[in-house]
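Undergrad: sequence? don't have it. structure:
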């Protein structure tokens, strides 16, 4: 089976972190978002992965090839212009020929690996695909499905008046890929744009349903949208809580687990944690840091930081507040 990962998003809601890298390469709990997604396909029947790239594609291609090229057959497709998720998935067409695929969004992380979702899909009989869903109180910010007799009868992207509370969680299993790409091509050829004036995957799936395709659903317990600073920090907390690894002691100071500390990190006269990931080469001195992400080679001095993101090579001094600092920035208060 193949997986398709749309990893072309610019990630404007994650500025300034995405000024210097594409959204899937923003780091959380010690590795890029995309790395956690690819880890989720280990020990599954997926052996080939199509990664759709866009802005700053070289960051994605270099990382994926170096870290996962020996585990999976990796191919890259390009979305030259950002015109929506449906348009992004359409770019994978040449690499998927009438084969079942798993679509895994490039900014969503899950409590469980994709093997659980693949098994849940396999348990459904006579379907052309299935969609991971979760009951939410307010589904207006999500794609929404409604069902009848266990089969999807309607899909709508970000409805103002939802017909159900079943939110699409960002993982899809498609058996009838030829019909999916036909539906996507119909949207593009006829310039049928949905929410956000973009070509939506949800609209293509709805077209399939209207044409008689049968879609089942499977439950997703929890997912973490890494597309905003606050949700990225939430994902960092959850992933660190789940980690079995315990970081080494600080150079001089205290680590309050769970934390993830990279190689070559210096922590002096500081208290770091809980829920802090510190990337390779970073320096933290005379500081208190909790619930934060500190980038590679960043330097923090006399900082009291909580719910803070500090980019690579950034310098932060004398700061008593919550911050979101981009790469190679300097902040002194």
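TA: Alright, I've got the coordinates. Note that the structure is predicted; figures quoted are calculated from it, not measured. Numbers count the residues shown, from 1 in each chain.
Undergrad: remind me which residues of the stretch 201-333 of the chain are low pLDDT?
TA: For the stretch 201-333 of the chain, applying pLDDT under 70 flags the ranges 244-251, 320-323, 326-333.
Undergrad: Residue 54 contacts residue 10, doesn't it?
TA: Yes - between residue 54 and residue 10 there is a contact under C-beta atoms under 8 Å: 7.1 Å. The way it works is simple: take the backbone N, C-alpha and C, and place the C-beta from them, glycine included.
Undergrad: Common neighbours of these two, please.
TA: Shared contacts of residue 54 and residue 10 (C-beta atoms under 8 Å, 6 or more residues apart in numbering): 22, 82.
Undergrad: more neighbours, the two?
TA: Using other C-beta atoms under 10 Å, the more surrounded residue of residue 54 and residue 10 is residue 54, with 22 against 15.
Undergrad: Nearest residue to that one in space, please, no chain neighbours.
TA: Once flanking residues are discounted, residue 54 sits nearest to residue 8: 2.9 Å by C-beta to C-beta, 6 or more residues apart in numbering.
Undergrad: Okay, the one you found and residue 299: tell me how far apart.
TA: Distance, residue 8 to residue 299, by C-beta to C-beta, to the nearest Å: 32 Å.
Undergrad: Likewise for residue 123?
TA: For residue 123, the distance to residue 299 - C-beta to C-beta - is 51 Å.
Undergrad: Then residue 205?
TA: In this structure, residue 205 and residue 299 are 47 Å apart, going by C-beta to C-beta.
Undergrad: Look at these two and report which has more neighbours.
TA: Each of residue 205 and residue 299 has its neighbours counted (other C-beta under 10 Å); residue 205 has more, 27 against 19.
Undergrad: List phi and psi for the more buried one.
TA: Here is the backbone geometry of residue 205 (degrees, to the nearest 10): phi -70, psi -40.
Undergrad: the helices in this structure, which residues?
TA: Counting by DSSP state H, the chain has helices at residues 33-39, 57-68, 85-90, 114-122, 177-189, 201-210, 229-242.
Undergrad: what number of residues lie near residue 99?
TA: Residue 99: 13 surrounding residues under other C-beta under 10 Å.
Undergrad: State the distance from it to residue 178.
TA: 10 Å.
Undergrad: Likewise for residue 241?
TA: To residue 178, residue 241 is 42 Å away according to C-beta to C-beta.
Undergrad: Cool, thanks, signing off.
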